[in-house]
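> sharing a model prediction with you, sequence too.
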Amino acid sequence: YVLARDSWFIRKQLRLTNGTGKPLVLREAGVERFRIEGVALLQKPDNPLFLDDQLFWGLEWPIASVVFRDGLVLFGHTPGVSLAPGASWVSKTAGFGVSEAGRIREAFGRYIQEIRVNRVDFSTFYFDWLCHDNSGPLETEILANFAALKKLKELYGLQFDIYNSDAGLVESQGTYFPEYRAIFDRRFPSGLKTIADASAALGMRLGLWIGPDGFGETPETMKARRDQLVAWVRDFNVGLYKLDTVVSPLGHKDGTILEKKYQSLADALAEARRIDPSLVVINHRVNESPYMLTITDCLLWRGEETYVDVHINNTSDSLYNRDCSINRDLAADFFGVPFRQFEDHGICFNSCLEKWDNDLVAQAFGRASVLSPEMYGTFFFLRDTDYPRLARLIQLHKQSAHLLKRAFPLPDGDIAHGDGRSAMIVLRNPGWEPRTKTVVLNGTIGLEAAPGTPLTVRQRHPHEVLLGGDGAGFRLQLRRHYGRHVAKCYRW
């Protein structure tokens, strides 16, 4: 049992040492078996369980088993390991915690923030889906994109942190790397080395779109897959994996084999993070368990991609087709706790491009997830006059990263981010008539400024303007329907 100082939860593991003098096979592990007097088990078995409005209890493993039996709660998993005489084994970790009445889900959300694997703040992320389909890109196509990005970097300072080549580079729909290898070798005669070196020369890491499985059913195939995932990070400048079930789900009818697959994935990613602590791993519908955040860095936000006119579309009158994306919620929470460890699929350059910059502002400065700014599609569809604006918004996001870690939801679906000394506010007007909004410059926007403190107020979008400010507040009129403004407040 581990109880950290000032903590509201306890974590527990079982350690088993084989003292029998002969090999021991451990098929199932019952990590927790308990009854709480006076607490009825009214809900269905789930991981985690919320009990009596003041207690959470779960096993930190996304495929853990939960059973109610004779009034008892049983949490377990199926390791299927063989222990030699004298060898030891450690179970998955159970965690249980408490809160004051009515706040137990929030307590669980804060607990997940403590145990999650991700410690990356932000990554500017571009992926090339819609530059090609599931058949995949050619090496020459990726290098052509790199040549364009090199020019845009020289001209405007446009810089992505991660360039992810999407479906069909190393794996494709229903096909993992060993079976896909012949196609890959024809297209990339030098393997990943050419594009790995080219991306590094531009100050970018490569991302790879892969499936969550590929481990097979034997120790040999599982080791081969683990070694491949680690090698891509170690040898080829890979800084992101997007695990997508379009390749295949991560599943098996045998619970022991399924656990070994999950364990192999977790072990490979842990080893890759030892090589590169900044590695980002996207869970794209692999498993919706909150405990996946102990293995991967982020979840697909609300299970919905911002894939305009394909996955989402306008549901009311609008001048622009991407308003459905711009008007998605800006405040994100996870079990009632402000949350950034998600991926919302970013903004698309292959839809009608009007107001793409509003879309990017809402995504990067509004929701401000760990993967932001995030973009995909054929970026050369942008007008030449758009590239300086794209570069500026990315630069402004990097300069403001210290502000964007803490969110302060505002009325009318708006949002602010602040660190005490400065704050950034995103205001929207999805209606057809002009609206005037009043913002008070105080702790409600993350600004710890005493009344009368001199402040500088700047509008950052759609144009950069010095607004002034008197230390109390300001009013801003948003033009009809498409007004989207970002204001940044500085404390002297």
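It's in. Numbers count the residues shown, from 1 in each chain.
> in the longest helix belonging to the chain, what counts as buried?
For the chain, the helix reaching the highest residue count under DSSP state H is reported as helix 255-275. If you call a residue buried by 16 or more other C-beta atoms under 10 Å, then helix 255-275 has these buried ones: 257-269, 272-273. Every residue, glycine included, has its C-beta placed from N, CA and C.
> do stretch 419-432 as well
Of the residues in stretch 419-432, those buried (16+ other C-beta under 10 Å) are 419, 422, 423, 424, 425, 426, 427, 428, 429, 430.
> residue 265 versus residue 117, what's the distance?
Distance, residue 117 to residue 265, using C-beta to C-beta, to the nearest Å: 12 Å.
> please enumerate the shared neighbours of the two.
residue 295 (C-beta atoms under 8 Å, 6 or more residues apart in numbering).
> burial count for residue 218?
When neighbours are defined as other C-beta atoms under 10 Å, residue 218 has 11 of them.
> pipe the buried residues of stretch 419-432 into TSV and attach secondary structure, distance to residue 294 and pLDDT per row.
TSV is the format used below for these (DSSP: H, G, I helix; E, B strand; the rest coil; distance: C-beta to C-beta, whole Å; pLDDT from 0 to 100):
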residue	secondary structure	distance to residue 294	pLDDT
419	coil	28	93
422	strand	33	91
423	strand	32	92
424	strand	31	93
425	strand	34	93
426	strand	31	94
427	strand	36	92
428	strand	35	90
429	strand	40	87
430	coil	37	83
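> between those residues, which is nearest residue 87?
Nearest to residue 87 among the buried residues of stretch 419-432, counting by C-beta to C-beta, is residue 419 at 49.2 Å.
> give the contact list for that closest one.
Residues near residue 419 by C-beta under 8 Å, 6+ apart: 402, 403, 405, 406, 446.
> can you check residue 446 too?
Residue 446 sits in contact with 403, 406, 408, 416, 417, 418, 419, 420, 423, where contact means C-beta under 8 Å, 6+ apart.
> quick one: the helices in the stretch 351-492 of the chain?
Listed in chain order, the helices found in the stretch 351-492 of the chain under DSSP state H, counting those that start in this stretch are 356-361, 386-399.
> report the mean confidence score over the first one.
Going back to what we said before, that points to helix 356-361. Averaging pLDDT along helix 356-361 yields 94.
> can you check stretch 188-200 too?
Per-residue scores along stretch 188-200 average to 97.
> so which residues make contact with it?
Contacts for stretch 188-200 (C-beta under 8 Å, 6+ apart): 139, 142-143, 146, 163, 165, 170, 185, 205-206, 232, 235-238.
> can you do 6 Å?
Identification of contacts with stretch 188-200 by C-beta atoms under 6 Å, 6 or more residues apart in numbering yields 139, 142, 146, 163, 206, 236, 237.
> and if you look at stretch 216-234?
With contacts defined as C-beta under 6 Å, 6+ apart, stretch 216-234 is touched by 214, 215, 238, 257, 264, 268, 271, 272, 275, 276.
> now compare these and name the two farthest from each other.
It's 257 and 276 that sit farthest apart of the contacts of stretch 216-234, by C-beta to C-beta, at 29.1 Å.
> circling back: let's have the contacts of residue 446 in a markdown table, adding distance to residue 381.
Shown next, in a markdown table, are the contacts of residue 446 (distance: C-beta to C-beta, whole Å):
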| residue | distance to residue 381 |
| --- | --- |
| 403 | 31 |
| 406 | 35 |
| 408 | 35 |
| 416 | 32 |
| 417 | 30 |
| 418 | 35 |
| 419 | 36 |
| 420 | 40 |
| 423 | 34 |
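> so residue 111 sits against residue 96, correct?
No: using C-beta atoms under 6 Å, residue 111 makes no contact with residue 96, being 9.4 Å away.
> neighbour count winner among these two?
Shown here are residue 111 and residue 96; by other C-beta under 10 Å, residue 111 has more neighbours (25 against 21).
> per-residue confidence at the more buried one?
Residue 111 is given a pLDDT of 97.
> what's near enough to touch it?
For residue 111, counting by C-beta under 6 Å, 6+ apart, the contacting residues are 9, 97.
> figure out the helix or strand that it lives in.
Assigned by DSSP states H and E, residue 111 belongs to helix 104-115.
> quick one: the following helix or strand past that helix to chain centroid distance?
Under the assignment DSSP H and E, the closest C-terminal helix or strand after helix 104-115 is strand 125-127. Relative to the chain's own centre, strand 125-127 is displaced by 13 Å; criterion: C-alpha atoms, centre = their mean, to the nearest Å.
> just the element for residue 183, please.
Using DSSP H and E, residue 183 falls in helix 177-187.
> ok, residues contacting that helix?
When contacts are defined by C-beta under 6 Å, 6+ apart, helix 177-187 is touched by residues 138, 139, 170, 171, 172.
> from the residues you listed, which is closest to residue 324?
residue 172 (29.3 Å).
> so what's the residue count around the closest residue in space to residue 150 that isn't next to it in sequence?
Closest residue to residue 150 apart from its sequence neighbours, by C-beta to C-beta, 6 or more residues apart in numbering: residue 202 at 6.0 Å. Residues lying near residue 202 (other C-beta under 10 Å) number 14.
> all numbers from here: first residue = 218
Renumbered: residue one is now 218, and that last one reads residue 419.
> tell me the secondary structure for residue 464?
Following DSSP: H, G, I helix; E, B strand; the rest coil, we place residue 464 in the coil state.
> related to what we said a few turns ago, the residue nearest to residue 367 and residue 493: what is the separation?
Counting by C-beta to C-beta - residue 419 and residue 493 are separated by 18 Å.
> ok, residue 220 next?
Noted for residue 220: a distance of 32 Å to residue 493, by C-beta to C-beta.
> more crowded one of those two?
More crowded of residue 220 and residue 493, by other C-beta under 10 Å: residue 493, with 15 against 11.
> closest one of the contacts of stretch 433-451 to residue 607?
Nearest to residue 607 among the contacts of stretch 433-451, with distances taken as C-beta to C-beta, is residue 455, at 24.7 Å.
> burial of that closest one, as a residue count?
Count around residue 455 with other C-beta under 10 Å applied: 27.
> distance of it relative to residue 643?
Taking C-beta to C-beta, one finds residue 455 at 33 Å from residue 643.
> so, low pLDDT: which residues of the chain?
686-709 (pLDDT under 70).
> hmm, try it at 50
697-700, 708-709 (pLDDT under 50).
> in terms of helices and strands, where is residue 357?
In the assignment (DSSP H and E), residue 357 maps to helix 356-373.
> quick one: contacts of that helix?
Against helix 356-373 from outside (C-beta under 6 Å, 6+ apart): 375, 376, 382, 404, 405, 412, 415, 419, 604, 605, 608.
> contacts only, for the last one.
Neighbour list for residue 608: 373, 374, 375 [criterion: C-beta under 6 Å, 6+ apart].
> quick check on the second one: phi, psi?
With angles defined as degrees, to the nearest 10, residue 374 shows backbone torsions of phi 80, psi 20.
> before we move on, back to that, which of the contacts of stretch 433-451 sits closest to residue 525?
Checking the contacts of stretch 433-451 against residue 525 with C-beta to C-beta, the nearest one is residue 455 at 28.6 Å.
> tell me if I'm right that that closest one and residue 421 touch.
No: Residue 455 is beyond contact range of residue 421, at 11.2 Å (criterion: C-beta under 6 Å).
> quick check: residue 312 vs residue 292, distance?
Residue 312 sits 10 Å away from residue 292, going by C-beta to C-beta.
> more neighbours, those two?
residue 292 (27 against 22).
> list the buried residues in the host helix or strand of the more buried one.
According to DSSP H and E, residue 292 maps onto strand 289-294. Within strand 289-294, the residues that count as buried by 16+ other C-beta under 10 Å are 290, 291, 292, 293, 294.
> just stretch 373-391 next, same as before
Residues of stretch 373-391 classed as buried: 373, 375-389 (neighbour count, 16+ other C-beta under 10 Å).
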